[in-house]
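Visitor: With the sequence up front, the predicted model follows.
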Amino acid sequence: MWFDPRYFLILSPALVLMLWAQFRIKSAYRRGMRVPAPLSGAAAAQHILDSAGVSDVAIEETHGFMSDHYDPRTRTLRLSPEVYRGRSATAVGIAAHEVGHALQHAHGYAPMAIRNAAVPAASIGSSFGFILLAIAVAIGSMGLFWVGAVVFGGVVFFQLVNLPVEINASTRAKAELASLGIVDEEGALAVRSVLNAAAWTYVAATLESILTLLYFILRMSGQRRD
């Protein structure tokens, strides 16, 4: 099954989209790094938080390339060195996106709360659910298949909820950067390019999870017909 050409055929739209999105985001990232901004990513993030009246979010520098994230458990914004220290459209755009998640948390944005609650199910489903589905197809067990489908469904659910959360964070970021005058017209275009490219990676991840589940459904239904 691991070399089943049907698997790669069914997932090919998601795989192609992911490759294209990764190429696009790297290209936009590099271009945006050449567009100057008046503040560093960390300073821009702090400015947005202060303007929104959110005072309980810490900003820290973390290791790794594009490792930027917001941790709702500790209310901490962690920015990679390029973003934390960088004074570019890319840096302030990515920082503002992560601040968007902090604002979602502070304002009780319901989809984010649902996404955070779905993290454990997604973590289990991405590994254990896939294994259950593979075993179910291999031995032809319909009961095990439905268990695997439900477990892997946690991944699909997480991705479906995560997509609007990420898009909303980017929308907030672009609005805050513009309203606070952190970017000019050229900077706004660069930020939009980076964040829109990043959004396509979430679309690709969502599509991949749906098509993976579809593949196993088709495999199982084909076996039952046989």
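Guide: That came through fine.

Visitor: Show residues contacting stretch 54-65.
Guide: Residues lying outside stretch 54-65 but in contact with it, judged by CB atoms under 8 Å, 6 or more residues apart in numbering, are 42, 45-46, 49, 68, 70, 74-82, 84-85, 99, 102-103, 106. Every C-beta, even on glycine, is put in place using the N, C-alpha and C of the backbone.

Visitor: could you redo the last one with a cut-off of 7 Å?
Guide: By CB atoms under 7 Å, 6 or more residues apart in numbering, the surrounding residues in contact with stretch 54-65 are 42, 45-46, 49, 75-81, 84, 102-103, 106.

Visitor: Likewise for stretch 185-204?
Guide: Applying CB under 7 Å, 6+ apart, the external contacts of stretch 185-204 come out as 14, 17-18, 21-22, 24-25, 28-29, 31-32, 35, 37, 89-90, 93-94, 97, 162-163, 166-167, 170, 173-174, 177-178, 183.

Visitor: Spatially central residue (nearest the centroid) of the chain, please.
Guide: Using CA atoms, centre = their mean, the residue of the chain that lies closest to the mean C-alpha position is Tyr202, 4.9 Å off.

Visitor: would you say it is within a helix?
Guide: Yes. Counting by DSSP: H, G, I helix; E, B strand; the rest coil, Tyr202 is found in a helix.

Visitor: re earlier: show me how to select, in ChimeraX, the buried members of the contacts of stretch 185-204.
Guide: Remark: buried members of these, expressed as a ChimeraX selection using 16 or more other CB atoms under 10 Å:
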select :14,17,18,21,24,25,28,29,31,32,35,37,89,90,93,94,97,162,163,166,167,170,173,174,177,183
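
Visitor: and Phe104, what helix or strand is that in?
Guide: Actually, residue 104 is Gln rather than Phe. Following DSSP states H and E, the helix or strand that holds Gln104 is helix 89-106.
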